[in-house]
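Novice: any chance you could fold what I've pasted below:
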Amino acid sequence: MSENSIFVIDGLEVEAGSGAEVHWLDRDFFELTYQGKSFKGEILNRDIENRKLRLKLNHRVFELKKKFELDELIAELGLDKVKVKQLKEIGSPMPGRILNIQVQVGDHVKVGDPILSLEAMKMENILKSDGEGVVKRVAIDKEQVVDKGQLLIEFE
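Specialist: Prediction:
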């Protein structure tokens, strides 16, 4: 690998060169000067675990990731894949009344899919999946009142 660092910017590999200066205004805001041009910058999001930053430079948003020599080995070993939780069951996080059920037996549920809506304290709460699975049994009915921890959905 050369002396310059490799970055992945919006999915494209870019070799970092010299000649850029960064002046930090505070933890999130900075000014970047490159080839005589000045850019206003802001860090929108830090994903330290995945070594990613979302930056805004002059109103344009970029996703930036520093590439390391170990990245290729990690990918070859399959260790860069996010592990997805296999669902077994979903219980009620609070007492309330079932307003709507968005899944049926046999449905394949993925992370983020809406499962059902639960009314608690006059507010509608959408319960979303935090894993994957196939619905084996819907243990409740629409309009049913449920207790905290009560089984709602069972998965294969």
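Novice: alpha carbons only for contacts and neighbour counts from here, please
Specialist: Noted.
Novice: residues contacting Glu31?
Specialist: Glu31 makes contacts with 22-25, 38-41, as judged by Cα atoms under 8 Å, 6 or more residues apart in numbering.
Novice: top of these by neighbour count?
Specialist: Most neighbours among those, by other Cα atoms under 10 Å: Gly41, with 22 neighbours.
Novice: which non-adjacent residue is nearest that residue?
Specialist: Leu57 (4.5 Å; Cα to Cα, 6 or more residues apart in numbering).
Novice: any regions of the protein where pLDDT drops low?
Specialist: 1-7, 9-10, 14, 16-18 (pLDDT under 70).
Novice: need phi/psi at the residue nearest to Gly41.
Specialist: The phi/psi pair for Leu57 (degrees, to the nearest 10) reads phi -120, psi 120.
Novice: that one bridge partners, please.
Specialist: For Leu57, the beta-bridge partners under DSSP bridges are Gly41, Arg60.
Novice: that one touches Phe39, doesn't it?
Specialist: Yes. In this structure, Leu57 is within contact of Phe39 by Cα atoms under 8 Å, at 6.2 Å.
Novice: so which of the contacts of Glu31 are in strands?
Specialist: Counting by DSSP state E, these place 22-24, 38-41 in strands.
Novice: generate JSON lines for the residues you listed, with distance to Leu12 as supplementary columns.
Specialist: Converted to JSON lines, the ones in strands among the contacts of Glu31 look like this (distance: Cα to Cα, whole Å):
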{"residue": "Val22", "distance to Leu12": "22"}
{"residue": "His23", "distance to Leu12": "25"}
{"residue": "Trp24", "distance to Leu12": "25"}
{"residue": "Ser38", "distance to Leu12": "23"}
{"residue": "Phe39", "distance to Leu12": "21"}
{"residue": "Lys40", "distance to Leu12": "22"}
{"residue": "Gly41", "distance to Leu12": "20"}
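Novice: wait, which of those residues is closest to Ile98?
Specialist: Compare each of the ones in strands among the contacts of Glu31 with Ile98 using Cα to Cα and the shortest gap goes to Gly41, at 46.2 Å.
Novice: between the ones in strands among the contacts of Glu31, which is closest to Val109?
Specialist: Taking Cα to Cα as the measure, Gly41 is the one of the ones in strands among the contacts of Glu31 closest to Val109, at 39.3 Å.
Novice: contacting residues for that closest one?
Specialist: By Cα under 8 Å, 6+ apart, the residues touching Gly41 are 29-32, 55-58.
Novice: now do Lys88
Specialist: 133, 154-156.
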